[in-house]
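1. Here is a sequence together with a model predicted from it:
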Amino acid sequence: VNKFQGQLGPRQVSEAEQLQSQYQRCIQNEVFTGGFDAIVMPTMLTPYVPADWYTSQEKHFVYINGKKQKNTWAFMATWIWNMLGRYPVMNMPVQVGKSNMPLGIQIIGNTFDDLTCMKLAAGLEKVTPPLFAGNRKPNFEEINAR
(Lines give C-alpha, C1' and ligand atoms only; values in the text may rest on other atoms or scores of the structure.)
Protein backbone atom coordinates (compact mmCIF):
# COMPACT_ATOMS: atom_id res chain seq x y z
CA VAL A 1 0.00 0.00 0.00
CA ASN A 2 2.69 2.52 0.99
CA LYS A 3 4.67 1.70 -2.15
CA PHE A 4 2.05 3.31 -4.38
CA GLN A 5 0.72 5.94 -1.98
CA GLY A 6 -0.30 8.98 -4.01
CA GLN A 7 1.00 7.42 -7.24
CA LEU A 8 -1.67 4.94 -8.23
CA GLY A 9 -1.95 4.95 -11.99
CA PRO A 10 -3.04 2.47 -14.67
CA ARG A 11 0.19 0.44 -14.49
CA GLN A 12 -0.04 0.02 -10.71
CA VAL A 13 -3.73 -0.93 -10.90
CA SER A 14 -2.90 -3.56 -13.52
CA GLU A 15 -0.08 -4.96 -11.35
CA ALA A 16 -2.38 -5.09 -8.32
CA GLU A 17 -5.10 -6.91 -10.30
CA GLN A 18 -2.57 -9.46 -11.57
CA LEU A 19 -1.34 -10.09 -8.04
CA GLN A 20 -4.91 -10.42 -6.79
CA SER A 21 -5.68 -12.99 -9.49
CA GLN A 22 -2.53 -14.93 -8.62
CA TYR A 23 -3.56 -15.11 -4.94
CA GLN A 24 -7.09 -16.16 -5.83
CA ARG A 25 -5.83 -18.97 -8.08
CA CYS A 26 -3.53 -20.15 -5.30
CA ILE A 27 -6.37 -20.20 -2.75
CA GLN A 28 -8.67 -22.01 -5.18
CA ASN A 29 -6.04 -24.65 -5.99
CA GLU A 30 -4.72 -25.20 -2.48
CA VAL A 31 -7.95 -24.94 -0.51
CA PHE A 32 -11.23 -25.23 -2.33
CA THR A 33 -10.33 -27.56 -5.20
CA GLY A 34 -8.06 -29.34 -2.72
CA GLY A 35 -11.07 -30.76 -0.90
CA PHE A 36 -11.77 -28.14 1.78
CA ASP A 37 -15.15 -26.42 2.11
CA ALA A 38 -13.96 -23.44 4.16
CA ILE A 39 -11.13 -21.80 6.03
CA VAL A 40 -11.58 -21.10 9.74
CA MET A 41 -9.03 -18.73 11.25
CA PRO A 42 -8.73 -16.02 13.90
CA THR A 43 -9.98 -12.54 13.12
CA MET A 44 -7.11 -10.99 15.07
CA LEU A 45 -3.65 -12.52 15.50
CA THR A 46 -3.30 -11.39 19.12
CA PRO A 47 -5.70 -11.12 22.05
CA TYR A 48 -3.86 -8.05 23.42
CA VAL A 49 -6.01 -5.42 21.74
CA PRO A 50 -7.92 -3.28 24.24
CA ALA A 51 -11.58 -2.57 23.61
CA ASP A 52 -10.86 1.17 23.25
CA TRP A 53 -8.02 0.69 20.74
CA TYR A 54 -7.72 3.44 18.15
CA THR A 55 -10.23 5.74 19.87
CA SER A 56 -7.65 8.49 20.41
CA GLN A 57 -4.17 9.44 19.20
CA GLU A 58 -2.61 7.93 22.35
CA LYS A 59 -4.39 4.62 21.75
CA HIS A 60 -3.21 3.98 18.18
CA PHE A 61 -0.75 1.34 19.41
CA VAL A 62 -0.92 -2.16 20.79
CA TYR A 63 1.54 -3.47 23.35
CA ILE A 64 2.51 -7.13 23.14
CA ASN A 65 4.78 -8.48 25.89
CA GLY A 66 5.39 -4.88 26.97
CA LYS A 67 6.65 -3.81 23.54
CA LYS A 68 4.91 -1.13 21.52
CA GLN A 69 3.95 -2.49 18.11
CA LYS A 70 4.79 -0.08 15.29
CA ASN A 71 2.63 -1.63 12.56
CA THR A 72 -0.67 -1.76 14.40
CA TRP A 73 -2.57 -3.20 11.42
CA ALA A 74 -0.30 -6.25 11.13
CA PHE A 75 -2.22 -8.19 13.78
CA MET A 76 -5.50 -8.14 11.84
CA ALA A 77 -6.28 -11.19 9.73
CA THR A 78 -9.25 -9.71 7.89
CA TRP A 79 -7.57 -7.43 5.37
CA ILE A 80 -6.53 -10.18 2.95
CA TRP A 81 -10.13 -11.28 2.47
CA ASN A 82 -11.24 -7.67 2.01
CA MET A 83 -8.58 -7.22 -0.67
CA LEU A 84 -9.40 -10.44 -2.49
CA GLY A 85 -13.10 -9.67 -2.43
CA ARG A 86 -14.43 -12.86 -4.02
CA TYR A 87 -14.81 -14.94 -0.90
CA PRO A 88 -17.72 -14.72 1.53
CA VAL A 89 -16.51 -14.20 5.09
CA MET A 90 -18.46 -14.46 8.31
CA ASN A 91 -16.87 -13.08 11.48
CA MET A 92 -18.08 -14.46 14.74
CA PRO A 93 -17.14 -13.68 18.35
CA VAL A 94 -16.36 -16.84 20.32
CA GLN A 95 -15.12 -15.55 23.69
CA VAL A 96 -13.96 -12.47 25.58
CA GLY A 97 -10.27 -11.85 26.25
CA LYS A 98 -8.59 -10.47 29.37
CA SER A 99 -8.92 -6.91 28.05
CA ASN A 100 -12.69 -7.43 27.71
CA MET A 101 -12.36 -7.37 23.92
CA PRO A 102 -14.37 -10.02 22.07
CA LEU A 103 -12.13 -12.61 20.43
CA GLY A 104 -13.40 -14.06 17.22
CA ILE A 105 -12.90 -16.25 14.25
CA GLN A 106 -13.65 -15.75 10.61
CA ILE A 107 -15.10 -18.39 8.36
CA ILE A 108 -14.10 -18.00 4.71
CA GLY A 109 -16.10 -19.84 2.08
CA ASN A 110 -15.56 -20.54 -1.57
CA THR A 111 -16.68 -17.98 -4.12
CA PHE A 112 -20.50 -17.70 -4.13
CA ASP A 113 -20.80 -20.21 -1.27
CA ASP A 114 -22.17 -17.97 1.48
CA LEU A 115 -24.38 -20.79 2.72
CA THR A 116 -21.43 -22.91 3.89
CA CYS A 117 -20.16 -19.98 5.98
CA MET A 118 -23.58 -19.55 7.55
CA LYS A 119 -23.98 -23.26 8.29
CA LEU A 120 -20.54 -23.48 9.91
CA ALA A 121 -21.23 -20.38 12.02
CA ALA A 122 -24.62 -21.76 13.10
CA GLY A 123 -23.03 -25.07 14.08
CA LEU A 124 -20.25 -23.36 15.99
CA GLU A 125 -22.73 -21.14 17.79
CA LYS A 126 -24.44 -24.27 19.14
CA VAL A 127 -21.24 -25.61 20.75
CA THR A 128 -19.63 -22.42 22.09
CA PRO A 129 -20.76 -20.75 25.33
CA PRO A 130 -22.91 -17.66 24.82
CA LEU A 131 -20.79 -14.52 24.59
CA PHE A 132 -23.23 -12.22 26.35
CA ALA A 133 -24.46 -14.19 29.35
CA GLY A 134 -24.48 -13.57 33.07
CA ASN A 135 -22.66 -10.37 34.05
CA ARG A 136 -21.58 -9.76 30.43
CA LYS A 137 -25.13 -9.41 29.17
CA PRO A 138 -25.71 -5.75 28.28
CA ASN A 139 -28.59 -3.98 29.97
CA PHE A 140 -30.26 -2.21 27.07
CA GLU A 141 -32.91 -0.67 29.34
CA GLU A 142 -30.19 1.39 31.07
CA ILE A 143 -28.76 2.46 27.71
CA ASN A 144 -32.16 3.56 26.40
CA ALA A 145 -32.92 5.49 29.61
CA ARG A 146 -29.94 7.83 29.05
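-> Great, that's in hand. Numbers count the residues shown, from 1 in each chain.

2. Tell me the buried residues in the helix of greatest length in the chain?
-> Taking DSSP state H as the criterion, the chain has its longest helix at helix 10-27. Judged by neighbour count (16 or more other CB atoms under 10 Å), helix 10-27 contains these buried residues: Ile27. In short, each C-beta sits where N, CA and C put it, glycine included.

3. Now do the helices in the protein.
-> Counting by DSSP H, the helices of the chain are 10-27, 79-84, 114-127, 140-145.

4. Which strands or helices does the third one pack on?
-> So that's helix 114-127. Helices and strands touching helix 114-127, by 3 or more CB pairs under 8 Å, 6 or more residues apart in numbering; DSSP states H and E, are strand 38-42, strand 89-96, strand 102-109.

5. same question for the longest helix of the chain, mean pLDDT?
-> Averaging pLDDT along helix 10-27 gives 91.

6. Which elements pack onto that helix?
-> Applying 3+ CB pairs under 8 Å, 6+ apart, one finds that helix 10-27 contacts helix 79-84.

7. Any idea how far the helix it packs on is from the middle of the chain?
-> Mean-position distance between helix 79-84 and its chain equals 9 Å (CA atoms, centre = their mean, to the nearest Å).

8. returning to what we had before: so what touches the longest helix of the chain?
-> Contact with helix 10-27 is made by 4, 80, 83-87, as judged by CB atoms under 8 Å, 6 or more residues apart in numbering.

9. One more: stretch 78-98?
-> 20, 23-24, 27, 43, 47-48, 73, 102-114, 117-118, 120-121, 124-125, 128-129, 131, 136.

10. Could you do stretch 41-55 as well?
-> 59-60, 62-64, 72, 74-78, 91, 97-101, 103-106, 108.

11. 10 Å instead?
-> 59-65, 69, 72-78, 80-81, 89, 91-108 (CB atoms under 10 Å, 6 or more residues apart in numbering).

12. average model confidence for it?
-> For stretch 41-55, mean pLDDT is 82.

13. now it, how far from the centre of its chain.
-> Worked out by CA atoms, centre = their mean, stretch 41-55 lies 10 Å from the chain centre.
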